[in-house]
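Peer 1: Sequence first, predicted model second:
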Number of protein chains: 4
Amino acid sequence: MPGSSYGEAFKVTTFGESHGEAVGVIIDGVTPGVEIDEPYIQVQMDRRKPGQSSVTTPRKEYDIINIMSGVFEGKTTGTPLFIMLHNKDMRPEAYSDIQHAFRPGHADFTYLSKYGIRDHRGSGRASGRETAGRVAAGAVARKLLERRGVSLVAYSKEIGGIKCESFVEESIEKNPVRACDPAAAEKMVKRIEELAAVGDSCGGIVECRIRGVKPGVGEPVFDKLDAELAKAMLSIGAIKGIEFGAGFSAAGMLGSEHNDQMNAEGYMTNNAGGIVGGISNGEEIVFRVAVKPTSSISKPQQTMNVRGEEQIIVTEGRHDPCICPRVVPVIEAMACIVLEDLMKRQAALHD
Amino acid sequence: MPGSSYGEAFKVTTFGESHGEAVGVIIDGVTPGVEIDEPYIQVQMDRRKPGQSSVTTPRKEYDIINIMSGVFEGKTTGTPLFIMLHNKDMRPEAYSDIQHAFRPGHADFTYLSKYGIRDHRGSGRASGRETAGRVAAGAVARKLLERRGVSLVAYSKEIGGIKCESFVEESIEKNPVRACDPAAAEKMVKRIEELAAVGDSCGGIVECRIRGVKPGVGEPVFDKLDAELAKAMLSIGAIKGIEFGAGFSAAGMLGSEHNDQMNAEGYMTNNAGGIVGGISNGEEIVFRVAVKPTSSISKPQQTMNVRGEEQIIVTEGRHDPCICPRVVPVIEAMACIVLEDLMKRQAALHD
Amino acid sequence: MPGSSYGEAFKVTTFGESHGEAVGVIIDGVTPGVEIDEPYIQVQMDRRKPGQSSVTTPRKEYDIINIMSGVFEGKTTGTPLFIMLHNKDMRPEAYSDIQHAFRPGHADFTYLSKYGIRDHRGSGRASGRETAGRVAAGAVARKLLERRGVSLVAYSKEIGGIKCESFVEESIEKNPVRACDPAAAEKMVKRIEELAAVGDSCGGIVECRIRGVKPGVGEPVFDKLDAELAKAMLSIGAIKGIEFGAGFSAAGMLGSEHNDQMNAEGYMTNNAGGIVGGISNGEEIVFRVAVKPTSSISKPQQTMNVRGEEQIIVTEGRHDPCICPRVVPVIEAMACIVLEDLMKRQAALHD
Amino acid sequence: MPGSSYGEAFKVTTFGESHGEAVGVIIDGVTPGVEIDEPYIQVQMDRRKPGQSSVTTPRKEYDIINIMSGVFEGKTTGTPLFIMLHNKDMRPEAYSDIQHAFRPGHADFTYLSKYGIRDHRGSGRASGRETAGRVAAGAVARKLLERRGVSLVAYSKEIGGIKCESFVEESIEKNPVRACDPAAAEKMVKRIEELAAVGDSCGGIVECRIRGVKPGVGEPVFDKLDAELAKAMLSIGAIKGIEFGAGFSAAGMLGSEHNDQMNAEGYMTNNAGGIVGGISNGEEIVFRVAVKPTSSISKPQQTMNVRGEEQIIVTEGRHDPCICPRVVPVIEAMACIVLEDLMKRQAALHD
């Protein structure tokens, strides 16, 4: 019932606060006999870690992972993989000013409301730091999906009002904002730097494409493939919306426009985004998520403190002025976890 | 693992195909000692049933519910409520033409891909008929939420390209499209009738507002309140996207614009849509979903049959030319189920 | 969280009280494309139903099952099977005397304590009638297990102090107490009739043997094969204990006696009862359960009523003076459900 | 679906092999605001650790626990507690002789059958070392139960054929076998030492008594209190059976003997062991488990190796010649976890 686990057949349980001793993840249900090692997972961790460029925070989060169980002589054993990351940069003093005031856009007030107690060092469990465990688990899922011929890519499609006009897949990991259009990427970097200079932040839209999923994946009714992806994406702190295929634009379309007709080769269009009735149809799975602007800004804002008094707050420290670049690997990780879980569930059904 | 159950503390399990003998739901975890009766639930069933107006299908689905366990002398006993609806309008012959061809926009191809077998009478388990069980369960959840002071309303905000310009709550149930703007409603009805006349359909946007949820509801990390609502909404067949509060427009906002600042009375804006860090903040919870145009249209469409041959298909029968009016009570039902479940989970945490 | 569901990959959810309108079960996760029909399931229902002989209650419970979803043209579709049994013999007046008093051995007091409300007609949800749904689900699991080459048999090994001395498998279903020793069976029948004549009841021991389970079934740590079987058996109302293989006698053995040594053909003994470390080892799985004497007896007993006053109670009506014969098919059903679930889980792990 | 988690409202997930880097546990669903510290948990760890006396193994397992998340300034925060123990005594070479042969009584063959791969250093995940994480989680549950007035005690009732004749509770933790009869304890120690000297081992019976559980705890049908306790106990490697109250002796009793009658003070006897219909009745909860003799013995035994050849095996190393003393705290831990989970579930039901 508490919310720190996801998945049924491929089950991920995370723990850890931003300023505790460690964060990490137990992954249960990993196929035995699969070769995996720490460098493979570390590649994904490094895509998420701070300090990758001028547009991400220079904080040194230590993202060096350690597989502490579930792998023997380079292969998975089928028992739980436990992956841990120590928090080495614990400086609670930097957060003493937020001990009593609720930062706008942050979960300070809601966590205190929920628990009646709050770890006021950073964002505690609501910190983006928690996603490190997810990215580690996602890398394990990605490894399992490779055997199935499934691959995926996520990228910034819009940042700070600047939209990508082209799709150049090989450029994505080569620009600091992970945009799919190199020309737009340059403008996005400039826009983010301008905003950072004045202590503000911006949001954006990230798109994800998943290839190689055969028709038939996803459970009907409640655990539809799109329902599970929606849950997984909205479980990422900064995400405020999701749409599949034509998405919200479907609201303005006619049935005769939106229906994907078929010919002998298969579907002629992909307005469905690869999912019909909650089940994959063999086409590329396409979804987009709305990323809100970073809550931590250094512009003065009005807020309330724990005594109910109004006060002005300035969020000190250096934070990502735009979350998009670093949320890309988290989105990919969650998509991998969802897919591996549903594919294992499909295997159970047919056994 | 199979997908017919939702919820952990308030657990809903549905069964039934559109053309089987019955559909229904087992609801486990209902608070004992609460007064409930069939007429209370029937009110919600009647909002979902077909044939309510000129813009909904005239098929006679029998939506008369029967509580067959879990209530004794007018009160819940704490044991599973079982609610069933017989399917009385089984005319498989009407569907014989779709036995071998995949209807565009429908789950025919994906179901056959998933199961290797398909109940070709109507949409089987993927039919909107399945949501009858959800609406019944939602009515039970709604009853439990009333004790908590929680209420909610959903309504069409846009249909066929026509947008509501005003919000007149008391008008919603008085117009056949359940729009929040009576003037827009008239135009929507006209638009739907025009499309129906030429055998086409249209989509729309439905918005939901939930009031009275205290701060602190929702589990952190994976089972966030918005994540669970997103899953629940995307589990409804026709929904292709969801956004909370400012939603996708947050992508174009600055942090200084999007952050909801606080004064001594509480939040000054509600861009977050009532949920921060996955937990309710005491404000109105607001989300919108994208409803795709009805897949069943009588315009000829190209498709493939089970032998892989191309063919032209016309979906016979009368179907809703726009799903929005009838999906409104389903959206409310799922929202009620999600909220009651998470509130019970909150009680367990603090016990 | 509420307790009416069992299983993860093969998921069973029951509903219904002894004196409500119906009892039944939703079975989700059934392998699609498997031939099944009502007569196959009815065979198991008839083994559980009352009135089979002089040693079982003559009450007419209506155990005619109806598959209402999940089967199409004689084959499972992979969607939930819903199986229902109407309660036709509802005579609440027969139970009016127990409305206010707690019957010794029954769950009257504990149910009222748990829920604060009680359906006082019969035993409500705690009635043996609830197991009808389990037997129906068990028959479906049995069908799926047949494809895997798994079979099983349960039988009375001891009743009213009379122990079976021989094991004649083909005699089990031919004697009214389902004992494995025809000579003992005769004495058991006589013993039960004597006790019934004086308004008393007796208990016994039921043993179950499962054949054809390959090595490797069962999840380590919490969901061990023996742990799941223990849970499933103790979830049957009358069961007060379970032991595997040598069981409690292992407490008095030496390691050198208890360890099952191996030769080139496999295990040389089966003290483990076919399960080591929670996982099947390919030998026959053997367990025994302790069945308590029927709580409903017509001898006067002292009890308390809902007002806290002492009173004498006589449980009217005809009840089984020994549960063993009718609990045999319930034990088999639960064992089938556990096995099918764990085998599907094994398939998910290796996918 | 994989088996490393237990509990729904109070959820425990363990990881770790005997010879990996660490073992440990994530506990999710801990009530926030409760004072807890490492020394409180360490007390229970020390009761389980090896080397406590002449009758337990002198191996130095490092059982020093570290709470790495979920506690802030001495109080639980409601977020997952992560507790880890490093494995410092990894000497894989000591196990090289068992790399290819299956030790009788051990899970070597069944693990290889299940996974197709095996960590042959010690017993891997099937090692008693895994229970360290459970004992840590059990200590947290024990702390939460203290607030509810619940306490419990487990003890050896029979070891190596020697039975306790008296019940002297305060003597239990004062003798090395944790027996409830000091005189019997002396004989048990002598018996164990004799067996150890000849390289053999013995089993026993452990009893557990739980006090202070109010009537009404336990879910009906599948998740009965006794069903959950049975699952939890059988999930401990060495346990081969469980019985509640009169248990297997109920098989030989009459209904008039076994039924617990009531007077105005409550129940007059406790044959039920404190649980009726799967729900606590307010009496002491009493159960006994059968503990098999330790599988690791130094007497030569016949076995098979991975190539299917017969061979003689001698399990080197020092192992507990009787598991009972060290399994006592594991049994208590699992009972605490089961109770805390079911009590939280009861709170959710009534919310």
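Peer 2: Here it is on my side, so go on.
Peer 1: Restricting to C-alpha, output the helix or strand hosting A:Thr303 in CSV.
Peer 2: Applying DSSP states H and E as the criterion places A:Thr303 in strand A:301-304. Only the C-alpha atoms of strand A:301-304 are listed here, as CSV (Å, rounded to 0.1, in the frame of the first residue of the first chain):
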residue,chain,number,x,y,z
GLN,A,301,8.7,34.6,-3.8
GLN,A,302,6.0,34.9,-1.2
THR,A,303,5.2,31.9,1.0
MET,A,304,4.0,30.7,4.3
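Peer 1: Any part of that strand near chain B?
Peer 2: Yes. Using C-beta under 8 Å from any C-beta of the partner chain, strand A:301-304 comes into contact with chain B via A:301-304. Where C-beta positions appear, they are placed from N, C-alpha and C, glycine not excepted.
Peer 1: Mind listing what's buried along that strand?
Peer 2: A:301, A:303-304 (16 or more other C-beta atoms under 10 Å in any protein chain shown).
Peer 1: thinking again about what came up before, just the residues of strand A:301-304 next to chain B now: which is nearest D:Gly218?
Peer 2: Taking C-beta to C-beta as the measure, D:Gly218 sits nearest to A:Met304 out of these, at 43.8 Å.
Peer 1: partners of the closest one in the sheet?
Peer 2: Counting by DSSP bridges, A:Met304 is bridged to A:Glu310.
Peer 1: From what I see, it and A:Ala101 are in contact.
Peer 2: Yes. Assessed by C-beta atoms under 8 Å, A:Met304 is found in contact with A:Ala101 at 7.4 Å.
Peer 1: still on that earlier bit, any chance you could list what contacts the strand holding A:Thr303?
Peer 2: Outside strand A:301-304, the residues that touch it by C-beta atoms under 8 Å, 6 or more residues apart in numbering or on different chains are A:101-104, A:109, A:310-314, B:256, B:259, B:261-264, B:266, B:268.
Peer 1: Are any of the residues you listed buried, and if so which?
Peer 2: The neighbour count (16+ other C-beta under 10 Å) marks A:101-104, A:109, A:313, B:256, B:259, B:261-262 as buried among these.
Peer 1: And the strands in the stretch 1-150 of chain A, which stretches?
Peer 2: A:5-6, A:11-15, A:22-28, A:66-69, A:71-72, A:75-76, A:81-86 (DSSP state E, counting those that start in this stretch).
Peer 1: Where does pLDDT dip in chain A?
Peer 2: Residue ranges of chain A with pLDDT under 70: A:59-61, A:89-97.
Peer 1: quick one: the helices in it?
Peer 2: Listed in chain order, the helices of chain A (DSSP state H) span A:38-48, A:108-115, A:131-148, A:182-197, A:225-234, A:255-258, A:324-350.
Peer 1: mind putting these in JSON lines, distance to chain D included?
Peer 2: Shown next, in JSON lines, are the helices of chain A (distance: least, C-beta to the nearest C-beta, whole Å):
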{"stretch": "helix A:38-48", "distance to chain D": "12"}
{"stretch": "helix A:108-115", "distance to chain D": "4"}
{"stretch": "helix A:131-148", "distance to chain D": "10"}
{"stretch": "helix A:182-197", "distance to chain D": "31"}
{"stretch": "helix A:225-234", "distance to chain D": "15"}
{"stretch": "helix A:255-258", "distance to chain D": "36"}
{"stretch": "helix A:324-350", "distance to chain D": "7"}
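Peer 1: Can you pull the residues of chain A lying near chain C?
Peer 2: Chain A comes close to chain C at residues A:1, A:8-9, A:29, A:31-32, A:78-79, A:220, A:343-351, as judged by C-beta under 8 Å from any C-beta.
Peer 1: now do 10 Å
Peer 2: Within chain A, the residues that sit near chain C (C-beta under 10 Å from any C-beta of the partner chain) are A:1, A:8-10, A:28-33, A:78-80, A:144, A:147-148, A:219-221, A:340-341, A:343-351.
Peer 1: Surely A:Pro293 and A:Pro321 touch.
Peer 2: Yes. With contact defined as C-beta atoms under 10 Å, A:Pro293 counts as touching A:Pro321 (8.4 Å).
Peer 1: Identify the contacts common to these two.
Peer 2: Shared contacts of A:Pro293 and A:Pro321 (C-beta atoms under 10 Å, 6 or more residues apart in numbering or on different chains): A:160, A:195, A:200-202, B:254-255.
Peer 1: quick one: which of the residues you listed is nearest chain C?
Peer 2: Minimum distance to chain C across these is 39.1 Å, recorded for B:Gly255 (C-beta to the nearest C-beta).
Peer 1: OK, contacts around that closest one?
Peer 2: Neighbour list for B:Gly255: A:104-105, A:195, A:199-203, A:292-299, A:301, A:315, A:319, A:321-322 [criterion: C-beta under 10 Å, 6+ apart].
Peer 1: do the same with A:Ala348
Peer 2: Shown in contact with A:Ala348 (C-beta under 10 Å, 6+ apart): A:8-9, B:1-2, C:8-10, C:29, C:31, C:341, C:343-349, C:351, D:1.
Peer 1: returning to that earlier point: redo the strands of the stretch 1-150 of chain A as JSON lines? Include distance to D:Ala232 and mean neighbour count.
Peer 2: Listed next are the strands of the stretch 1-150 of chain A as JSON lines, based on distance: least, C-beta to C-beta, whole Å; neighbours: other C-beta atoms under 10 Å in any protein chain shown:
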{"stretch": "strand A:5-6", "distance to D:Ala232": "19", "mean neighbour count": "23"}
{"stretch": "strand A:11-15", "distance to D:Ala232": "19", "mean neighbour count": "28"}
{"stretch": "strand A:22-28", "distance to D:Ala232": "18", "mean neighbour count": "28"}
{"stretch": "strand A:66-69", "distance to D:Ala232": "22", "mean neighbour count": "22"}
{"stretch": "strand A:71-72", "distance to D:Ala232": "28", "mean neighbour count": "22"}
{"stretch": "strand A:75-76", "distance to D:Ala232": "27", "mean neighbour count": "20"}
{"stretch": "strand A:81-86", "distance to D:Ala232": "22", "mean neighbour count": "25"}
